[in-house]
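S.K.: Predicted model, plus sequence, below.
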Amino acid sequence: MGDLFWNKVAAAVIGLVLMVMVIGVVGDIVFPDEQGGEDHASLAYPIDLEAVMGGTGGSGPVVEEVVDLGALLAVADASSGERTFRRCVSCHNAAPDAGNLQGPNLWNVVGREAGTYPGFSYTAEMSAHGPWTYEALDSFIENPRADVPGTAMAFAGIRNDEDRADLLAYLQTLSDNPVPFPAPAPAETEEDMAAGGDMMDTAEGEMAETADDIEDQIQALEDAGETVIDDQAGDGEMPEEAPEDGGN
């Protein structure tokens, strides 16, 4: 779904939260507490807007950004990746049969099963990691210790998506048989956009119905409150206080 879809959803959620707040305020006014309304705050129902809006301080639901690795690799610069790889050469060789250093040799690393290069002692976590696809390498290079807890690799990682793509493009060249890049994700089609529009129309329709129901409930509360107030006005006369007996 596009950004417009999520913006509309966020607007709908915010509208619903505001309506819930209005109901609470109107109910507090129409039905005051027995203490004369001096302690409304203690009776109010707390609404954590930050929690309702996904912990973003009311900025809408958090939408995790999905990186299209195929699209990044399609325009990646292997020469730039080679410069980035200079940060790795103190721990890794990258030539055929060059042996291992502090880390394993990275020749033919793309497509290789993790933890299998001859002569290197891997941790159990790394040995169980699986094949080094481009996606797996990208995730590991971004944050090694988060991706493979228990790894002995001390490298902090590369957070920039484009820099990682350039490095992966260079790693592709370190191979007897370079592994093709994954294809970019397909562009959103008109059918997908239409489906998203239909979903949004349905959501907006449901929100409109909910808003109408809430308005009806508010009106019913106001009518009930007026009735209670009228009844109290008719029955609430206080009896006159008896005169004190002056003989006591």
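M.R.: Nice, I can see it. Everything numeric here is computed off the predicted structure, so don't read it as measured data.

S.K.: Listing request: residues of this protein with sub-threshold pLDDT.
M.R.: 1-6, 22, 24-64, 190, 192-197, 225-248 (pLDDT under 70).

S.K.: What segments of it are helices?
M.R.: 3-30, 40-43, 49-52, 69-74, 78-85, 124-127, 134-142, 144-147, 161-173, 190-235 (DSSP state H).

S.K.: isn't W107 right next to A95, touching?
M.R.: Yes. Applying C-beta atoms under 8 Å, one finds W107 in contact with A95, separated by 6.1 Å. C-betas here are computed from N, CA, C, even on glycine.

S.K.: Pick out whichever of these two has more residues nearby.
M.R.: W107 (18 against 10; other C-beta atoms under 10 Å).

S.K.: Next up, the contacts around the more buried one.
M.R.: W107 makes contacts with N93, A94, A95, P96, D97, A98, L174, S175, as judged by C-beta atoms under 8 Å, 6 or more residues apart in numbering.

S.K.: now the first one: how far from T189?
M.R.: Here N93 is placed at a distance of 46 Å from T189 (C-beta to C-beta, to the nearest Å).

S.K.: So between those two, which is more surrounded?
M.R.: In this view N93 and T189 are compared by other C-beta under 10 Å, and N93 has more residues nearby, 17 against 9.

S.K.: Surely that one touches L106?
M.R.: Yes. Using C-beta under 8 Å, N93 is in contact with L106, at 7.1 Å.

S.K.: Need the buried ones from the contacts of W107 selected in ChimeraX.
M.R.: The buried residues among the contacts of W107 can be selected in ChimeraX (16 or more other C-beta atoms under 10 Å) with this line:
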select :93,94,174,175
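
S.K.: wait, which of the contacts of W107 is closest to Y117?
M.R.: N93 (10.2 Å; C-beta to C-beta).

S.K.: can you pull the contacts of the residue nearest to that closest one when sequence neighbours are not counted?
M.R.: Nearest residue to N93, sequence neighbours excluded (C-beta to C-beta, 6 or more residues apart in numbering): N105, at 4.7 Å. Residues counted as contacts of N105 (C-beta under 8 Å, 6+ apart) are H92, N93, A94, A95, A98, G99, Y117, F120.

S.K.: Contact partners for the closest residue in space to Y170 that isn't next to it in sequence?
M.R.: Leaving aside its sequence neighbours, Y170 sits nearest to G81 (C-beta to C-beta, 6+ apart; 3.2 Å). By C-beta under 8 Å, 6+ apart, G81 lies in contact with A165, D166, L167, L168, A169, Y170, L171.
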